[in-house]
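>>> sharing a model that was predicted from the sequence below.
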Amino acid sequence: MTVRIEGVLEGVGPRVTGWARLPADPARRLRLSVLLDSGSGNVLRLDTVADRHRGDLESAGKGDGCHGFAVAVPAAFADREHDVDVRLPDAPGMRLTGSPRRAIPILGLVTLHAIRPGGGRANGAVDRLRDLLADLVRLHGGSIATAVPDAETIRSWLSVSAQDTADRGWLVAERNGRFVGHCRIGPGWPAAPGSGGLALGIELHPDVRGHGLGHALMRAAQRWADGRGTRLELAVLPHNAPALALYRTLGYADLGPVAHPITGETHRHMALPLPSCRPFPRRLSNGITLVL
């Protein structure tokens, strides 16, 4: 019988954080092994127990909330990139949802650009986009087979954008030849058909969060959308405080609650009028470059 374990690796960096619990035995505190690998051939193992109290877990009905963990990363790893994996000694072969991850102390050079339809370069870009989408689904414990569109579906979407450049675009953030974030802009929920609004959906790989890349990618989307629509619209879960703060900083207005057309889950509907009044430089001080 497979043991069902709940939990997520949430943060990597100076500390490795997250939570883990056994629903069948809520009073039990799970043992965890945090594995750090800098690629030198030696893997450092740090053992801990998920027993820290967290009010958010208790409020969410996760037992008494005493299922969090936080492990300090030694100085030898803190200033260089390294892989982080979290295993469960009491469940051999299992790893915590959201792992493995890569800790990135310095983002370095990142380019933001649109995927262009047609040709071999476009096909390679589609493959790398699908790799990113699959990695995001895997980290969240979803099904890649059902949640990631096939290459032909993406190419078809891009080919429509080639015929009507005022309709849609797909921006990506590229680091060291790997796509680490994407932003899709075009018709669809929550923008009403025929309203002139363009729906925006953005995702960053958790490895690159906290470096200002989300802000830069959103600004790049504004630059791309200027002259192509009357406003950008998006939907965000009410408990996603970091995203809500980012969108408000960028000038998005909260239009109130809106239900997802498939799941019925309540989101906050937000919108930004176009054109954007803020100029966006092509090169930023943190190494992010816009290529549009």
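It's in.
>>> switch to C-alpha atoms for all contacts and neighbour counts from now on
Noted.
>>> got the buried residues for the one helix or strand residue 129 maps to?
Residue 129 belongs to helix 119-139 when elements are defined using DSSP states H and E. For helix 119-139, a neighbour-count test (16 or more other CA atoms under 10 Å) marks 123, 125-126, 128-139 as buried.
>>> now, which of those sits nearest residue 111?
residue 125 (13.5 Å; CA to CA).
>>> that closest one contacts residue 117, doesn't it?
No - in this structure, residue 125 is not within contact of residue 117 by CA atoms under 8 Å, at 9.4 Å.
>>> and the nearest residue to residue 128 once chain neighbours are set aside, what does it touch?
Leaving aside its sequence neighbours, residue 128 sits nearest to residue 179 (CA to CA, 6 or more residues apart in numbering; 6.3 Å). Contacts of residue 179 were listed using CA atoms under 8 Å, 6 or more residues apart in numbering, and they are 128-129, 132, 172-173.
>>> how about residue 207?
Residue 207 touches 12, 101-104, counting by CA under 8 Å, 6+ apart.
>>> same thing with residue 155?
117, 123, 126.
>>> quick check, the first one in a strand?
No - assignment of residue 117 by DSSP: H, G, I helix; E, B strand; the rest coil gives coil, placing it outside any strand.
>>> closest one of the contacts of residue 155 to residue 229?
residue 117 (20.8 Å).
>>> middle-most residue in the protein, spatially?
The centre of the chain sits closest to residue 204, judged by CA atoms, centre = their mean, with a distance of 3.3 Å.
>>> on that earlier part again, JSON lines for the contacts of residue 207, including secondary structure?
Listed next are the contacts of residue 207 as JSON lines, based on three-state DSSP:
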{"residue": "12", "secondary structure": "coil"}
{"residue": "101", "secondary structure": "strand"}
{"residue": "102", "secondary structure": "strand"}
{"residue": "103", "secondary structure": "strand"}
{"residue": "104", "secondary structure": "coil"}
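>>> hmm, which two among those residues are most spread apart?
101 and 104 (9.6 Å).
>>> what sits against residue 18?
Residue 18 makes contacts with 7-11, 68-70, as judged by CA under 8 Å, 6+ apart.
>>> same deal with residue 189?
Residue 189 touches 199, 234, 261, counting by CA under 8 Å, 6+ apart.
>>> helices of the stretch 51-200 of the chain, start to end?
Per DSSP state H, counting those that start in this stretch, the stretch 51-200 of the chain carries helices over the ranges 55-59, 75-78, 119-139, 144-147, 151-163.
>>> tally up the residues packed near residue 289, please.
Residue 289 has 20 neighbours, counted by other CA atoms under 10 Å.
>>> just the endpoints, please. Distance across stretch 44-59?
34 Å (CA to CA, to the nearest Å).
>>> check which residues of that stretch are buried.
49-51, 54, 57.
>>> what do you get for stretch 200-211?
In stretch 200-211, counting by 16+ other CA under 10 Å, buried: 200-208, 211.
>>> is it possible to get TSV of those that adds distance to residue 245 and secondary structure?
Formatted as TSV, these follow (distance: CA to CA, whole Å; DSSP: H, G, I helix; E, B strand; the rest coil):
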residue	distance to residue 245	secondary structure
200	16	strand
201	16	strand
202	15	strand
203	15	strand
204	16	strand
205	19	coil
206	17	helix
207	20	helix
208	18	helix
211	15	coil
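>>> shaky segments in the stretch 101-250 of the chain?
Within the stretch 101-250 of the chain, the stretches with pLDDT under 70 are 118-122, 161-166.
>>> let me know the helix or strand that residue 270 is in.
strand 266-273.
>>> grab the nearest non-local neighbour of residue 108.
Closest residue to residue 108 apart from its sequence neighbours, by CA to CA, 6+ apart: residue 287 at 5.6 Å.
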